[in-house]
Every structure is written in structure tokens, then in C-alpha cells.
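# the amino acid sequence is not available; the structure is as follows:
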């Protein structure tokens, strides 16, 4: 393990000198992948790495020098209780988003049979996590990106919920979106694009260069998609149903006003682990 540690520490220093921020844990993830072992077993690893393994690790490091996110180097990311396949066609799952799962699962008993809609499913980490929690629920995920839905489908199969998840290649701006979905839902959940267009250029390289722009750009004020979703939610929600949003920093009051204009009642604004208002819960 000493040799492995020395290699990891040398790369940590080299990346820092290149201006690339990376944690020791992330480098351990990359090394564990190169060695084809679980990261929990890395500290017990005693074999000398082969040249092939070293080459694989070096390739990971070169990608990191070009600001690739670790999860997209590895092609996978853990979220909530599950593992998900990811690539540059989908938004990388964020730990901040896990508050949406915690808050949503507090709305109904786990044994309840529910209809859940996710708008902008991406990797599927949100809707699949909810279906994993609500074993009797059925879900629909829509996304404008067919490539993103291919990843969702793989993740649904890998996490054993594919038989309860229907995927629809569509946009919530489609004039006939209500007809395409053809049912009402107990829960609508969404992490829509919410970054103002002019702010995109200030994002970290790992985000603006490797997450799909369509999942980031929320229009001039970052609120474009909240307006549309609140509008169609009036039709798509069952009476007493809930609309759950992820929001950006300082957007809670604006989203509250948009919801009120659409006769949606604010139930709660929840903070993430960083003490930032991250989740808005509304009710029809």
C-alpha cells in the first residue's frame, strides 16, 4: 500500500501544480478503478501494480488534468442509496440533490401506491431512487434528450425498477405535453435548468464543459422552466398532489411567487447539507 500511497500523493501534488482541484478521496477512487477493486479494499491492497494498471491510472490523471469530473472518468456515480451510470449526456448527480429524495419520501407512506413524474430525468437518479423507496409506485420520466434516456433505461435496469418506469422523449414546453403523458400524478419532481444564461461562463470547467448545457441554462433569469412547469403542473397533478423542485441559490422567493400565481400552495422550503435553500415543496 505504501507504493500506492506514494503514487496517489505524487499525482495530488502534480494536479495541484497544474491548477486542478481534486481531493485525495477522488484520486483513491481513480486508483481503485485502475486496480479493479472496491475503494474500501484499497488500504488492504499489497500487490505491486502492473504496468497496465499504472497506465490506466495515468490515463485517468490526464483526463483529470483536462478538468474531467471524476464520475465521468469512471462512468459511474453513487447517489442516495444506489449507483448510476453517467456520461456527458447527463447531468452529474449531486449530493445536494439528495435532499429532494428525503423530503419527497416524507410526503407519503412508503407502502402507498403512487404515480410519480420526473421532468428532466437525465441519469434517472431521482426517479429511480424514489421508485426504489416506494416499492409499489409507478414512474414516468421525460427528457428532451434521447441519449439521456438511454442512460436512464440502463440505470433503471441495473437498479431493478425498469418494470415500473416509463420513459418519454419529450419537452415540457411541448404544446401537447399533457396529452403525451395522458394521466395525472401524485408527485411531480424536477431538477430543471436554473442557472441564468449569463452566469454559465462563470461555472467550473467540470460543469460547463462536461454537463449538457440544456440541463444547466435556465434562461435570462434562471426561472424560465419553473414558470412552465408550474403552469402544466396544474393539469398534471392530482388534487392534493405535490410538486417538488430543486432550486438554485436565492431562488426560493421567486419560485414561491411563480407557484402562487399558478394556485400552488407552498408547503416547505428545505435546505441541503450546506445550509442552502435547495428544495421547494408545493401542493395543488
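In hand now; what should we look at? Treat the numbers as computed from the prediction; the structure is a model and nothing was measured.

# now for the helix or strand where residue 154 lies, which elements pack on it?
Secondary structure assignment for residue 154, by DSSP states H and E: helix 146-158. Helices and strands touching helix 146-158, by 3 or more CB pairs under 8 Å, 6 or more residues apart in numbering; DSSP states H and E, are strand 82-85, helix 125-133, strand 138-143, strand 165-169. Where C-beta positions appear, they are placed from N, C-alpha and C, glycine not excepted.

# make JSON lines from these and add mean neighbour count to it.
As requested, these are exported to JSON lines (neighbours: other CB atoms under 10 Å):
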{"stretch": "strand 82-85", "mean neighbour count": "19"}
{"stretch": "helix 125-133", "mean neighbour count": "25"}
{"stretch": "strand 138-143", "mean neighbour count": "24"}
{"stretch": "strand 165-169", "mean neighbour count": "17"}
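
# dump the residue contacts of the residue nearest to residue 98 when sequence neighbours are not counted.
Leaving aside its chain neighbours, residue 98 sits nearest to residue 80 (5.2 Å; criterion: CB to CB, 6 or more residues apart in numbering). Shown in contact with residue 80 (CB atoms under 8 Å, 6 or more residues apart in numbering): 98, 101, 125, 129.

# with residue 173 instead?
Each residue near residue 173 by CB under 8 Å, 6+ apart is listed here: residue 228.

# checking it next. Helix, strand or coil?
Residue 173 falls in the coil class when you classify it by DSSP: H, G, I helix; E, B strand; the rest coil.

# roughly how far apart are it and residue 253?
24 Å (CB to CB, to the nearest Å).

# cool, residue 136 as well?
36 Å.

# all strands of this protein, in order?
With DSSP state E, the ranges of strands along the chain come out as 76-79, 82-85, 115-119, 138-143, 165-169, 185-190, 237-246, 265-271, 277-283.

# would you list those strands in JSON lines and tack on distance to residue 105 and mean pLDDT?
Formatted as JSON lines, the strands of the chain follow (distance: least, CB to CB, whole Å; pLDDT from 0 to 100):
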{"stretch": "strand 76-79", "distance to residue 105": "14", "mean pLDDT": "96"}
{"stretch": "strand 82-85", "distance to residue 105": "14", "mean pLDDT": "97"}
{"stretch": "strand 115-119", "distance to residue 105": "11", "mean pLDDT": "98"}
{"stretch": "strand 138-143", "distance to residue 105": "14", "mean pLDDT": "98"}
{"stretch": "strand 165-169", "distance to residue 105": "17", "mean pLDDT": "97"}
{"stretch": "strand 185-190", "distance to residue 105": "10", "mean pLDDT": "98"}
{"stretch": "strand 237-246", "distance to residue 105": "10", "mean pLDDT": "97"}
{"stretch": "strand 265-271", "distance to residue 105": "12", "mean pLDDT": "97"}
{"stretch": "strand 277-283", "distance to residue 105": "12", "mean pLDDT": "98"}
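
# any chance of these in TSV, plus distance to residue 64?
Shown next, in TSV, are these (distance: least, CB to CB, whole Å):
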stretch	distance to residue 64
strand 76-79	15
strand 82-85	20
strand 115-119	31
strand 138-143	28
strand 165-169	32
strand 185-190	31
strand 237-246	27
strand 265-271	31
strand 277-283	27
